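[1] Pasted the sequence and its predicted model underneath.
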Amino acid sequence: MMGLNDRIKETFDKIYAEEELKEKTKKFLSQKTQEYKKDYKKRSIINYPALISAAACLLFLFLGGRWIYLTPTAEISIDINPSIELGVNRFDKVISVDSYNDDGQTLADSLNIKFINYAEAIRRIMENERITDLLSDDEIMTIAVVGSDEKRYAKMLSNIKSYTAGQRNTHCYFADSAEMAAAHEMGLSYGKYKAFLNLQALDPNITPEEIQGMTMREIRDLIASLSKDGEGGPQTENGSCPNSGGGHGNGYGRQRKRKRKNAVTPPAQTHEPNPNTNSKSNK
Amino acid sequence: MRNEQEVNRAVERYSNTIRRLCMVHLKNHADTEDIFQTVFLKYVLSSVSFENEEHEKAWFIRVTINACRDLLKSFFRSRTVPLDEILEQPALLLPDNKEVLEAVLSLPQKYRDVVYLHYYEDYTAPQISRILGKNVNTVYTLLTRSKQMLREKLGGDGLE
């Protein structure tokens, strides 16, 4: 007699998948496979435009963001010789540091002020050893803020003033973009360009190349000597940012003002009691 | 997704095993068709790469058992039909075969898989434990108990 093990084997051997069942299954799978392939194709076709638009959006955002961040909306020109100009974006970050002479290049290289707030950049410049040495040697520093938004200028200038308040011989003022462009064409920073214009009015033979290597103190002394022809001699500026109230200037106006002030000094003396006049009026 | 050639080869190779597992678990032919479609569609869409034929066969057994269990959980499937209705070709079965099949199918669900896998497919207890995801000792216990029950039902002591 057959063992139970063999009986189980023989029984299950007689159970098998019918051909009809296999064919039905194959047909079903073939149908499903076609459907999946069609769906996959559809998905691929739909995906291309979506992918392109997504890529275009990303590119637009990237380029737009880059443009917004890396476009300077204001410039800060700092002249003492070294001369450097800081490009400031709409988020008040310094995005470029340009130099207009070798000294400026050395200073620009030594400063690490890119992508930080302009006020912090000015503070670092003012604390730079070379700058503090020059200022203590009685050199003159001019800081010009150039841009097109007056409200923003005023705020920037006021911030800059707060960092230069402790410095003698430092002048801050507004400037306009057209003048800045003209200065760049001559290869000068804005502060030197304004000084050059003043100097040129007194001495038409002066060239931008000559100006480039001079310090602001030297230029001012030259202007003073030419304009006054020795009268009064070079003057030392006291206090900071005299022209910060607005308008264009170069710091030289301060000297003129002072000269005018000096010039009106005698009439001031007329305020003192004049016995003759008094006697006339009394009469 | 697997190609048509691969799928046809798998249908030819594993249909009988799946059919026998369906017989052990299910109660009507329509359900068997459902299981065939479910299991092979899973195979078509699966990205599993098999190390060898044994690995592939074990995968089919595991997927079929799980599919049968899922189907049986359904409320609408829990009806019992006579053995003759389950089989498409009952005439091929001898009376002794019918007796053995009825004895196996009368075992509680948890014993049927191990009986089929051990006595027909010749898997060892550790192999069955890996396929079913059960403890080896549990498989040994199930095998011992199912042996006793089958002896009681069919008589004789030919089971090893």
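    Here it is on my side, so go on.
[2] three-state assignment of B:R2?
    Judged by DSSP: H, G, I helix; E, B strand; the rest coil, the three-state class of B:R2 is coil.
[3] isn't it right up against B:K42?
    No. Between B:R2 and B:K42 there is no contact under C-beta atoms under 8 Å: 10.7 Å. Using the backbone N, CA and C atoms, a C-beta is placed for each residue, glycine as well.
[4] list the helices and strands the helix or strand harbouring A:E210 packs on?
    Applying DSSP states H and E as the criterion places A:E210 in helix A:208-212. The contact analysis (3 or more C-beta pairs under 8 Å, 6 or more residues apart in numbering or on different chains; DSSP states H and E) places helix A:208-212 against helix A:190-202.
[5] Run through who's touching stretch A:27-37.
    B:M1, B:E4, B:V7, B:V11, B:Q37, B:F40, B:L41, B:V44, B:L45 (C-beta atoms under 8 Å, 6 or more residues apart in numbering or on different chains).
[6] If we check chain A, which of the residues you listed are in contact?
    Contacts with chain A within the contacts of stretch A:27-37, counted by C-beta under 8 Å from any C-beta of the partner chain: B:M1, B:E4, B:V7, B:V11, B:Q37, B:F40, B:L41, B:V44, B:L45.
[7] now the helices: where do they sit in chain B?
    B:4-25, B:29-45, B:53-73, B:83-86, B:95-105, B:109-115, B:125-132, B:136-154 (DSSP state H).
[8] picking up where we left off before, quick one: residues in contact with the helix holding A:E210.
    By C-beta under 8 Å, 6+ apart, helix A:208-212 touches A:Y100, A:N101, A:M186, A:G187, A:L188, A:K192, A:A195, A:F196, A:L199, A:I219.
[9] repeat that for 10 Å
    A:81, A:83, A:100-102, A:104, A:183, A:185-189, A:192-193, A:195-196, A:199-200, A:203, A:218-219, A:222 (C-beta atoms under 10 Å, 6 or more residues apart in numbering or on different chains).
[10] follow-up on the earlier one: buried subset of the contacts of stretch A:27-37?
    B:V7, B:V11, B:Q37, B:F40, B:L41, B:V44 (16 or more other C-beta atoms under 10 Å in any protein chain shown).
[11] Show me which of those is closest to A:S148.
    B:V44 (67.4 Å; C-beta to C-beta).
[12] can you pull the contacts of that closest one?
    A:L29, A:S30, A:K32, A:T33, A:Y36, B:M1, B:R2, B:N3, B:E4, B:E6, B:V7, B:A10.
[13] what are the phi and psi values for the residue of the stretch 101-250 of chain A found nearest chain B?
    Of all residues in the stretch 101-250 of chain A, A:F115 sits closest to chain B, at 47.4 Å by C-beta to the nearest C-beta. Dihedral angles of A:F115 (phi, psi; degrees, to the nearest 10) stand at phi 60, psi 20.
[14] show me what contacts residue 116?
    You didn't say which chain, so I picked chain A. A:I116 neighbours (C-beta under 10 Å, 6+ apart): A:D92, A:K93, A:V94, A:R123, A:R124.
[15] that's the other chain; I wanted chain B
    By C-beta under 10 Å, 6+ apart, the neighbours of B:Y116 are A:8, A:12, B:17, B:20-21, B:23-25, B:61, B:65, B:104, B:123, B:128.
[16] Between those, which sits nearest B:V115?
    Of those, the one sitting nearest to B:V115 (C-beta to C-beta) turns out to be B:V104, at 5.8 Å.
[17] So what's the residue count around the closest residue to that closest one other than its chain neighbours?
    Leaving aside its chain neighbours, B:V104 sits nearest to B:V115 (5.8 Å; criterion: C-beta to C-beta, 6 or more residues apart in numbering or on different chains). B:V115 has 22 neighbours, counted by other C-beta atoms under 10 Å in any protein chain shown.
[18] how much space between the residue nearest to the spatial centre of chain B and chain A?
    Residue closest to the average C-alpha location in chain B (C-alpha atoms, centre = their mean): B:L21, at 2.0 Å. Noted for B:L21: a distance of 10 Å to chain A, by C-beta to the nearest C-beta, to the nearest Å.
[19] Contact partners for the residue of the stretch 101-250 of chain A closest to chain B?
    A:Y69, A:N89, A:F91, A:K93, A:V94, A:I95, A:A121.
[20] Select only the buried ones of those in PyMOL?
    Here is the PyMOL command that selects the buried residues among the contacts of A:F115 (16+ other C-beta under 10 Å):
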select buried, chain A and resi 89+93+94+95+121
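[21] So which of the contacts of A:F115 belong to strands?
    When DSSP state E is applied, the contacts of A:F115 are split such that A:V94, A:I95 fall in strands.
[22] So chain B: which segments form each domain?
    Chain B breaks down into these domains under automatic domain parsing: B:1-88, B:93-160.
[23] Same list, these, but as CSV with distance to A:D133 and mean pLDDT please.
    Output for the domains of chain B, formatted as CSV (distance: least, C-beta to C-beta, whole Å; pLDDT from 0 to 100):
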stretch, distance to A:D133, mean pLDDT
domain B:1-88, 72, 83
domain B:93-160, 81, 88
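[24] just so I know, which of the ones you listed lies nearest A:T142?
    In terms of C-beta to C-beta, the element of the domains of chain B nearest to A:T142 is domain B:1-88, at 71.9 Å.
[25] ok, which residues in chain A are in contact with chain B?
    A:1-26, A:28-30, A:32-33, A:36-37, A:40 (C-beta under 10 Å from any C-beta of the partner chain).
[26] And the buried ones among those residues, selectable in ChimeraX?
    Filtering these down to the buried ones (16+ other C-beta under 10 Å) takes a single ChimeraX command:
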select /A:4,7,8,9,10,11,12,14,15,16,17,21,22,25,26,29,32,33
